[in-house]
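Enquirer: Provided below are the primary sequence and the corresponding predicted coordinates.
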Amino acid sequence: DTEVTQTPKHLVMGMTNKKSLKCEQHMGHRAMYWYKQKAKKPPELMFVYSYEKLSINESVPSRFSPECPNSSLLNLHLHALQPEDSALYLCASSQARSGFVYGYTFGSGTRLTVV
Amino acid sequence: AQKITQTQPGMFVQEKEAVTLDCTYDTSDPSYGLFWYKQPSSGEMIFLIYQGSYDQQNATEGRYSLNFQKARKSANLVISASQLGDSAMYFCAMREGSQGGSEKLVFGKGMKLTVNP
């Protein structure tokens, strides 16, 4: 199993809604990531989890709340989002050898629209 | 300061021809990694090739090869024998640091490749 699975693939939510994005991998990777990608822009790092602990938070607004319940799962809880938060949200996991990360596997993303 | 520079916003190539996608980078970390990803319109990021800063030889993966010139800080992707399915956005990315989970993968702006029949 060499995949990162993200659900849902599409999500439309109102500004007062609470929703969650889910990411799952069964490759034994111990680091997982959330990226945000606006249209025609490169992905931007949001959060990094290493061994189920949050290791990097790129000054993301608190309306985005990450959670890593176990080594295979990564969630992104959404609350009180703004229309400008509409984007493609990508999850990734990484594999390392001798301390060097040499591969990142990305999921196919969740296209989020905030109305 | 921009860490990854992709100056070509778009390129057109004829099917079966080779094409080179440019990427330059900037880092003071001696330990880094360079990646190329392909992103079709469906949105998924597809890994193409990886080059570590300590690797002595240029990386190759099938039709993809990376022209790594460390002194020039360039990591150009070469696609041989282009196919129609190669039409997509291409991102160059750099990993700074070494430990999984404490490093960052930073992307260039990307460039759009169109392969014509």
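Expert: Thanks, I have the structure now.
Enquirer: so the residue of chain A found nearest chain B bridges to which residues?
Expert: Chain A approaches chain B most closely through A:Ser50 (2.2 Å), counting by Cβ to the nearest Cβ. C-beta here means a position set from N, CA and C on the backbone, and glycine is covered the same way. Legend: beta-bridge partners of A:Ser50 under DSSP bridges are A:Ala31, A:Lys53.
Enquirer: try A:Leu73
Expert: With DSSP bridges as the rule, A:Leu73 is bridged to A:Glu24, A:Asn70.
Enquirer: That one: neighbouring residues, count only.
Expert: 14 (other Cβ atoms under 10 Å in any protein chain shown).
Enquirer: My guess is the residue of chain A closest to chain B contacts B:Ser102. True?
Expert: Yes. Between A:Ser50 and B:Ser102 there is a contact under Cβ atoms under 8 Å: 6.4 Å.
Enquirer: element containing the residue nearest the centre of chain B?
Expert: Nearest to the mean C-alpha position of chain B, counting by Cα atoms, centre = their mean, stands B:Trp36 at 3.1 Å. Secondary structure from DSSP states H and E places B:Trp36 in strand B:32-39.
Enquirer: So what touches that strand?
Expert: A:100-102, A:104, A:106, B:21, B:23, B:25, B:45-53, B:64, B:66, B:68, B:75, B:77, B:86, B:88-97, B:105, B:107, B:110 (Cβ atoms under 8 Å, 6 or more residues apart in numbering or on different chains).
Enquirer: so does the helix or strand of chain B with the lowest mean pLDDT get close to chain A?
Expert: Ranking every helix and strand in chain B by mean pLDDT, DSSP states H and E puts strand B:104-107 at the bottom, with a mean of 89. Yes. Using Cβ under 8 Å from any Cβ of the partner chain, we find that strand B:104-107 touches chain A at B:Lys104, B:Leu105, B:Val106, B:Phe107.
Enquirer: do you know how far the spatially closest residue to A:Leu76 that is not a sequence neighbour is from B:Asp86?
Expert: With sequence-adjacent residues excluded and distances taken as Cβ to Cβ, 6 or more residues apart in numbering or on different chains, A:Leu76 is closest to A:Leu21, at 4.3 Å. Distance, A:Leu21 to B:Asp86, by Cβ to Cβ, to the nearest Å: 30 Å.
Enquirer: try A:Leu54
Expert: From A:Leu54 to B:Asp86 the distance is 37 Å (Cβ to Cβ).
Enquirer: Then B:Met11?
Expert: In terms of Cβ to Cβ, B:Met11 sits 11 Å off from B:Asp86.
Enquirer: Please identify every residue contacting each of the two.
Expert: Joint contacts of B:Met11 and B:Asp86 (Cβ under 8 Å, 6+ apart) are B:Leu113.
Enquirer: Look at A:Leu54 and B:Asp86 and report which has more neighbours.
Expert: Neighbour count, other Cβ under 10 Å: between A:Leu54 and B:Asp86, B:Asp86 has more, with 19 against 13.
Enquirer: mind exporting the least confident helix or strand of chain B as PDB, just the C-alpha atoms?
Expert: Included here for strand B:104-107 are C-alpha records, laid out as PDB according to Å, rounded to 0.1, in the frame of the first residue of the first chain:
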ATOM      1  CA  LYS B 104      10.400  21.800   5.400                       C
ATOM      2  CA  LEU B 105       9.600  21.000   1.800                       C
ATOM      3  CA  VAL B 106       9.400  24.300   0.000                       C
ATOM      4  CA  PHE B 107       8.100  24.600  -3.600                       C
END
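Enquirer: partner strands of the helix or strand that it is followed by, parallel or antiparallel?
Expert: Downstream of strand B:104-107, the next assigned helix or strand under DSSP H and E is strand B:111-116. Applying DSSP bridges, strand B:111-116 is found paired with strand B:10-14 (parallel), strand B:88-96 (antiparallel).
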